[in-house]
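Asks: prediction below, plus the sequence it came from.
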Amino acid sequence: MMSNLVTAHLQRLFTKVLLIVAAVILVLQIGIIVINTIVGGETEGAFTSTFDTFSVVMIIFGIITVYPHLNRLAFHGVTRKNYLKGTIEAAIKATFLALIIALLFIGLEYIAIKVFQLPFDETIRLGGFGDNLLIASIGFYLSLLTTFFIGWAIGLAFYKFDWIVGTIAIIISMFLFGLLDYFWENEFVQITIYGISFDSFWESHLIVSLIGTLVLIVGLLTIIRNLVRNIALN
C-alpha cells in the first residue's frame, strides 16, 4: 500500500535524525557530567535533557512532512489519504524510538553513577515528570507525539494559507505547549470537586493529563485531516 511506502520513507528519515541527535546528546551529557563532577555542579537528568531536545526535533519533523515531502510524495502518486495515514504511523513509530532512546540514557546514566561513584543522587531523575518511571514514560511519549502533530499543523497552515495564518498557528501552539507542560510536568496539581479533594497524582493528575492530552491529539488530527483533505498539491 502507498501509505506503507510513506511510512517507510519518513521512518528512515526520522530514524537517522533521531540517532544522530541521540549521539550528540550522549556526548554532551557525558561532557556536562565530567565538568560538573570536577566543579561540583548539578547535572540535569538525561531524561529531561533528551525530552527537551527531542521536542524541538519533533516540531521540525512535523513541519518537514509538509516542506518538502508533501509535494515529493504527491509527485510519486501518493494520495492525500495515503499521506495522512502514512505520516501518522511514522510519527507513532518515531516517538516510540525517541522514548526507547530516553529510557536507554536513563539506564546508562544510572550505571555510570553507580560504577564510577559520581557525586550525584543515585535515584532515577525524571525532572518535572515526577518520580514514577511508568507515568513519566507515558507523559514523554504523548507529549512528543502531540508536539509532532503541532508541528505538522503549523506546516500545513503555512502551506495551505499564508504567513498570517501560519503565524496564528504558531501563537496557538504556544498555548498548546503550555497545556502539555501543565499536564505532564506539574506533579503537585490539586483538584477539588464538590468539596472533595483529589490530591493524589494517580487519582487526579494522571487522569486529567491523559484525557487532556488525548483530546489535544484528537483535535489536532481532526484539524490536520481537514487541511490535508482540501489541500492543493503543487
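Replies: Great, that's in hand.
Asks: rest of the way, CA atoms for contacts and neighbours
Replies: Will do.
Asks: residue boundaries of the helices in this structure?
Replies: Taking DSSP state H, the helices of the chain run over residues 2-39, 46-64, 69-75, 80-115, 133-160, 163-184, 206-229.
Asks: quick one, the fourth one and helix 206-229 angle?
Replies: Compare the direction of helix 80-115 with that of helix 206-229 by axes from the mean of the first three to the mean of the last three C-alpha atoms, to 10 degrees and you get 140 degrees.
Asks: which secondary structure elements does helix 80-115 contact?
Replies: Using 3 or more C-alpha pairs under 8 Å, 6 or more residues apart in numbering; DSSP states H and E, the elements in contact with helix 80-115 are helix 2-39, helix 46-64, helix 69-75, helix 133-160, helix 206-229.
Asks: so of those, which one's packed in deepest?
Replies: helix 133-160 (a mean of 22; mean count of other C-alpha atoms under 10 Å).
Asks: report the rounded mean pLDDT for that one.
Replies: Mean pLDDT, computed over helix 133-160, is 92.
Asks: how far away is residue 147 from residue 230?
Replies: 23 Å (C-alpha to C-alpha, to the nearest Å).
Asks: nearest residue to residue 4 in space, ignoring adjacent ones along the chain?
Replies: Closest residue to residue 4 apart from its sequence neighbours, by C-alpha to C-alpha, 6 or more residues apart in numbering: residue 86 at 6.0 Å.
Asks: so that neighbour touches residue 9, yeah?
Replies: No. In this structure, residue 86 is not within contact of residue 9 by C-alpha atoms under 8 Å, at 9.1 Å.
Asks: low pLDDT regions in this protein?
Replies: The chain contains residues with pLDDT under 70 at 1-3, 36-37, 40-44, 71-76, 113, 115-125, 127, 185-205, 232-234.
Asks: next up, the contacts around the residue nearest to the spatial centre of it.
Replies: Centroid-nearest residue in the chain, with C-alpha atoms, centre = their mean: residue 144, separated by 1.3 Å. Shown in contact with residue 144 (C-alpha atoms under 8 Å, 6 or more residues apart in numbering): 51, 54-55, 58, 95.
Asks: what about the residue nearest to residue 4, how many residues nearby?
Replies: The burial count assigned to residue 86 is 23, neighbours taken as other C-alpha atoms under 10 Å.
Asks: against residue 131, how distant is it?
Replies: Using C-alpha to C-alpha, residue 86 is found at 35 Å from residue 131.
Asks: how many other residues sit next to residue 161?
Replies: Other residues near residue 161 come to 12 when the count uses other C-alpha under 10 Å.
Asks: how far away is it from residue 227?
Replies: Distance from residue 161 to residue 227, by C-alpha to C-alpha: 10 Å.
Asks: again, but for residue 146
Replies: Separation of residue 146 from residue 227 (C-alpha to C-alpha): 17 Å.
Asks: residue 23 and residue 128, how far apart?
Replies: Per C-alpha to C-alpha, residue 23 is found 23 Å from residue 128.
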